[in-house]
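In: following is a predicted model, sequence given first.
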Amino acid sequence: QQQVKQSPQSLIVQKGGISIINCAYENTAFDYFPWYQQFPGKGPALLIAIRPDVSEKKEGRFTISFNKSAKQFSLHIMDSQPGDSATYFCAAMGLRGYQKVTFGTGTKLQVIP
Amino acid sequence: ETGVTQSPTHLIKTRGQQVTLRCSSQSGHNTVSWYQQALGQGPQFIFQYYREEENGRGNFPPRFSGLQFPNYSSELNVNALELDDSALYLCASSLTGVSSGNTIYFGEGSWLTVV
């Protein structure tokens, strides 16, 4: 059961360009939406997160846009750099009960010079 | 660095054997979760421990079991290993409480290969 759908599966962006990754969720009990960045051989690292009462959150070059009515959210990476090349996972959590993170399927981003 | 440490980093086991993976949570964190990440996929929640008890479990069979110790460190045990158990096993550390926030920190993982 895939509760968080993520696209695209892979993405190639020119250096300086904008990388956009989209996610959609089904479970309305989710009320916290983190994004994780994972480099090969490493564990996922929290990048940025948003709650559904906010439509946008920006931290440096990373921006989350959130559409609660459509149950969709996206990550925008501005001025993409080769060092951003990694796999990105959107995720969702409920804040009640135990802290289970439900991950999307991942997007492998490659930023080329 | 997240402060979550896991051991061993890599190991190879034979089908049918048992394995124990270990995790030390970030200082001050009282909750530990375990995830399984198969190659090319997102991590899947196995279970969570809080106050030394399992308080949440994903869709994994009983041969996946765990422990949490008074110092909040944790073990993941897998019995009767199958080839499909080959994966990266991630430990995640967090704080459960009134003013805990929502940040969950992952370790670097333990790579398990079952042959």
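Out: Done, it's in. Numbers count the residues shown, from 1 in each chain, chains lettered A, B, ... in the order given.

In: what about the strands in chain B?
Out: For chain B, applying DSSP state E gives strands covering B:5-7, B:10-13, B:19-24, B:31-37, B:44-50, B:53-57, B:64-68, B:74-78, B:87-94, B:105-106, B:110-114.

In: should've said chain A
Out: A:4-7, A:10-14, A:19-25, A:33-38, A:45-50, A:56-59, A:62-67, A:72-77, A:86-92, A:102-103, A:107-112.

In: in a markdown table, list the strands of chain B along with mean neighbour count.
Out: For every residue, glycine as well, the C-beta is placed using N, CA and C. Output for the strands of chain B, formatted as a markdown table (neighbours: other Cβ atoms under 10 Å in any protein chain shown):
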| stretch | mean neighbour count |
| --- | --- |
| strand B:5-7 | 17 |
| strand B:10-13 | 13 |
| strand B:19-24 | 19 |
| strand B:31-37 | 26 |
| strand B:44-50 | 22 |
| strand B:53-57 | 14 |
| strand B:64-68 | 19 |
| strand B:74-78 | 21 |
| strand B:87-94 | 25 |
| strand B:105-106 | 22 |
| strand B:110-114 | 18 |
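
In: a markdown table for those, including mean pLDDT and distance to residue A:99?
Out: Shown next, in a markdown table, are the strands of chain B (pLDDT from 0 to 100; distance: least, Cβ to Cβ, whole Å):
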| stretch | mean pLDDT | distance to residue A:99 |
| --- | --- | --- |
| strand B:5-7 | 96 | 18 |
| strand B:10-13 | 97 | 27 |
| strand B:19-24 | 97 | 15 |
| strand B:31-37 | 95 | 6 |
| strand B:44-50 | 94 | 6 |
| strand B:53-57 | 91 | 8 |
| strand B:64-68 | 96 | 14 |
| strand B:74-78 | 97 | 14 |
| strand B:87-94 | 95 | 5 |
| strand B:105-106 | 92 | 11 |
| strand B:110-114 | 97 | 21 |
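
In: dump those to JSON lines, plus distance to residue A:74.
Out: Shown next, in JSON lines, are those (distance: least, Cβ to Cβ, whole Å):
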{"stretch": "strand B:5-7", "distance to residue A:74": "31"}
{"stretch": "strand B:10-13", "distance to residue A:74": "35"}
{"stretch": "strand B:19-24", "distance to residue A:74": "32"}
{"stretch": "strand B:31-37", "distance to residue A:74": "23"}
{"stretch": "strand B:44-50", "distance to residue A:74": "23"}
{"stretch": "strand B:53-57", "distance to residue A:74": "28"}
{"stretch": "strand B:64-68", "distance to residue A:74": "34"}
{"stretch": "strand B:74-78", "distance to residue A:74": "33"}
{"stretch": "strand B:87-94", "distance to residue A:74": "24"}
{"stretch": "strand B:105-106", "distance to residue A:74": "22"}
{"stretch": "strand B:110-114", "distance to residue A:74": "31"}
